[in-house]
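> using only what follows, build the 3D model:
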Amino acid sequence: MRANPFEQLRVWVGDFMTRSPSRFALTVFSTLILVFTALFSLPAATAAGHRTHLVDAFFTAVSTICVTGLSTVDMGTHWSPLGHAFILIGTQIGGIGVLTMASILGLVITRRLGLRQKLVAASDSNPLRVHSGPISESQAVRLSDTRGLLVTVATSMLVIEGATAVLLLPRLLLSGMHAGEAVWQSVFLAAMAFTNTGFTVSADGIQAFAADPYLLIVLMIATVLGAIGFPVIYSLRHTLLRPRRWSLHVKLTLSAFVLLWVGGWIVYIVLEWDNTASFGGDTDFGQRLLQAAFLSTMTRSGGFATFDTSQLEESSILVTSMLMFVGGGSASTAGGIKVTTLAILFLAAVAEARGRAGIEAFGKFIPSDVLRLAVSVTLWGATLVAVTTTVLLWMTDDPVHYILFDVISAFATCGLSTGFTADAPESAQTILAIVMFLGRIGTATFAAALAARQHVRLFKQPEERPIVG
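This next block holds a predicted model:
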């Protein structure tokens, strides 16, 4: 008796997911981008009721699914309420990850989570799992914790976005906004903050609230909660008041995150102190502190801006580019190479300077495969940024620091822009869309493929040491 075609398809998809989660993620992400490109091309998705140009629809679809926040059109005036609804749905899917979303849906439908589903879901929280094969389970989220992590992902998104919307609503109402519009904008802003996307439905973004401490602080908190990563939220949910039980991943993430945020805050205050085009000059001291803190938070991948980013000092643009390249925490809604990657590289440099054979932090030993993954992610990320910047510099006449800024913003799925992206030719916009896609899932997936594929060899090549440094 021949098997049902739908049953054969289900089995094939299941085997594909288990055999190579990375390829499955690439396939699903690509399919989603094509679907949303078609949706954004619908006349009903635009405010004017006409069909959006293919490149603009494609770029918006990539930016939405990859939770980037860059745009080639005016997000507030170009799209209709239906178009904004598509953006909201797309960022929710892209923010938590395709594999995680698929596993959550499976858990809701079947009320169980088998080994296959656990392996697939775990691939979103640990890049070492994106290919089949045995790996160490001594990490932040073990395979046995996958169900709890999925529940944390779903509940944290609902609770944090809901709480953020509730906190934003009174402020929007007090500004004179209509009740229905205020509810919609509060929900939209809350989702864009937690998913670290930075889109707005207002034509002037958040410019009307650029000096409002309450609204900016709420957006900063939601952005940070989305950027620290779901494994950190899951761990703190159980051990918040017991720091000694925090895993190494949690300690590294929070330590590096805080140091980069405080460092960026101080640097922005110093560099922009006299820049009247940003937040310096005649601005009072309290506003300078607030604006510098907000900018340092948004470089994690938030994407919101209270002023024209191109008006930053060139030194600040360079600092912002570096902070965006690092990004947020692993398995988060933020992009970049991740703060733990930078922490591992720093610890390796310190260990080498002290003549130690291994890497240690907070009383724990870090295996060499983690260092190899960190080096691979950084190397491929830097190579992608360098090559793309060179190509775009050859294609356009824009300043190199503007191009580099937007390329890193695309790679790190940040969304801050100097204006280069919106004014770039369609060929350059297409390249940036590809960079967004690779930045969201490409480098970690490729690097993990190198780190996770372990081949047993019965012989060893003769050793020879090249000169380094």
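> for Gly328, give its distance to Ala256.
Distance of Gly328 to Ala256, given as CB to CB, to the nearest Å: 10 Å. Using the backbone N, CA and C atoms, a C-beta is placed for each residue, glycine as well.
> shared neighbours of those two, anything?
Val339 (CB atoms under 8 Å, 6 or more residues apart in numbering).
> who has more neighbours, the two?
Comparing Gly328 with Ala256 by other CB atoms under 10 Å, the one with more neighbours is Gly328, at 30 against 20.
> residues in contact with the more buried one?
Gly328 touches 196, 226-229, 257, 300-301, 334-336, 338-339, counting by CB under 8 Å, 6+ apart.
> so where's the protein shaky on pLDDT?
Residues of the chain that meet the criterion pLDDT under 70 lie in 1-25, 97-149, 282, 442-460, 465, 468-469.
> which residues touch the residue minimising distance to the centre of it?
Centroid-nearest residue in the chain: Ala334, 2.3 Å away (criterion: CA atoms, centre = their mean). Residues in contact with Ala334, defined by CB under 8 Å, 6+ apart, are 196, 226-227, 229, 300-301, 327-328, 412-413.
> distance of it relative to Ala386?
22 Å.
> with adjacent residues omitted, what lies nearest to Phe40?
Using CB to CB, 6 or more residues apart in numbering and skipping residues adjacent in sequence, the residue nearest Phe40 is Ala57, 4.0 Å away.
> for the one you found, what are phi and psi?
Here is the backbone geometry of Ala57 (degrees, to the nearest 10): phi -70, psi -40.
> wait, isn't it in contact with Thr46?
No. The criterion here is CB atoms under 8 Å, and Ala57 misses it with Thr46 at 9.6 Å.
> which parts of the stretch 351-469 of the chain are helices?
Along the stretch 351-469 of the chain, counting by DSSP state H, counting those that start in this stretch, helices occupy 368-395, 400-411, 420-423, 426-437, 443-452.
> quick one: Val319 and Gly263 touch, right?
No. Val319 is beyond contact range of Gly263, at 9.2 Å (criterion: CB under 8 Å).
> can you pull the buried residues of stretch 395-405?
396, 398, 401-405 (16 or more other CB atoms under 10 Å).
> Val73: which element?
Val73 is part of no helix or strand when elements are defined by DSSP states H and E.
> what residues are up against it?
Contacts of Val73 (CB under 8 Å, 6+ apart): 52, 56, 60, 79, 422.
> how close does it get to Ile266?
Taken as CB to CB, the span from Val73 to Ile266 is 36 Å.
> what of Ile467?
Counting by CB to CB - Ile467 and Ile266 are separated by 38 Å.
> which one's more surrounded, the two?
Neighbour totals were compared for Ile467 and Ile266, and Ile266 leads with 12 against 4 (other CB under 10 Å).
> sticking with the spatially closest residue to the more buried one that is not a sequence neighbour, tell me its helix or strand.
Once flanking residues are discounted, Ile266 sits nearest to Ala292: 7.9 Å by CB to CB, 6+ apart. Using DSSP H and E, Ala292 maps to helix 285-297.
> so which helix or strand takes in Tyr234?
Counting by DSSP H and E, Tyr234 is part of helix 230-239.
> where do the strands sit along the stretch 251-400 of the chain?
Per DSSP state E, counting those that start in this stretch, the stretch 251-400 of the chain carries strands over the ranges 359-361, 364-366.
> counting by contacts, list what the first one packs against.
Applying 3 or more CB pairs under 8 Å, 6 or more residues apart in numbering; DSSP states H and E, we find strand 359-361 packed against helix 248-271, helix 339-353, strand 364-366.
> if we use 7 Å, what do you get?
helix 339-353 (3 or more CB pairs under 7 Å, 6 or more residues apart in numbering; DSSP states H and E).
> and the helix it packs on, what other elements does it pack with?
helix 248-271, strand 359-361, helix 368-395.
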